[in-house]
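1. Here is the input, now give the coordinates:
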Amino acid sequence: MGKFNPAQIQVVSQAVEIAEDVTANYFKISTAQWKHVRYDIRTLAELSTEEITESAFAQITRYSRKPGQTVPGGRPYDFFKICLQDHNIMAAVERDEPLELFPLAIYVVTHELVHVVRFCKFLQRFDVDHLERQEEESRVHTITQQALGALRLSRLDYVLGAYQNYQFMEKFRDQVSSS
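-> Modelled structure (predicted):
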């Protein structure tokens, strides 16, 4: 499986910064409020076997608390891990000549962050049936398109057009943390 190389990791890191800003601005989340959105973004090199998929750009895994974290007397809380699938993202970039990593990564991460914010704000449940998940995907695609629509970046308009009717960008997985 092709992992992002160091230069690609830098590109993805810059994309994450933009995606976080765009998502926070769209939902009007202050810096203090953003700290309460519990998530992490990891690439293929940092994923466990069950966090890897061949059929999506990302997988969102829900934990009952941040993996590895133990809080004496603390109560569980939802923690979301956005598991970027480097190999699938790079396959798309290699397959589609006008597609570039930077705008695609902005789109993918923004899309996933929209899901996470909606889960954290209780606007959408994580565990839903297939029909409700399709409806949520449609809502999230619309929000992602709106959030990124005013952003003027090279080739982003190509990504917005190419993925306008994309069915599923990620998989969802529940994981029970043992701590």
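
2. Look at His111 and report its pLDDT.
-> Note on His111: pLDDT of 93.

3. what do you get for Gln124?
-> 68.

4. Check Leu156 too.
-> Per the predicted model, pLDDT is 91 at Leu156.

5. gap between it and Pro6?
-> 24 Å (C-beta to C-beta, to the nearest Å). In short, each C-beta sits where N, CA and C put it, glycine included.

6. helices and strands of this structure: which one has the lowest mean pLDDT?
-> strand 170-174 (a mean of 55; mean pLDDT, DSSP states H and E).

7. So Leu156 and Pro6 - more neighbours on which side?
-> Leu156 (19 against 6; other C-beta atoms under 10 Å).

8. Do I have it right that that one meets Tyr107?
-> Yes: here Leu156 reaches Tyr107: they are 7.4 Å apart, a contact under C-beta atoms under 8 Å.

9. which residues do those two both contact?
-> Listed contacts common to Leu156 and Tyr107 are Leu148; contacts here mean C-beta atoms under 8 Å, 6 or more residues apart in numbering.

10. which outside residues touch stretch 19-27?
-> By C-beta under 8 Å, 6+ apart, stretch 19-27 touches 29-31, 34, 105-106, 109-110, 113-114, 117, 121, 143, 146-148, 151.

11. average model confidence for it?
-> 95.

12. from the middle of its chain, how far away would it be?
-> Distance of stretch 19-27 from its chain centroid, counting by C-alpha atoms, centre = their mean, to the nearest Å, is 13 Å.
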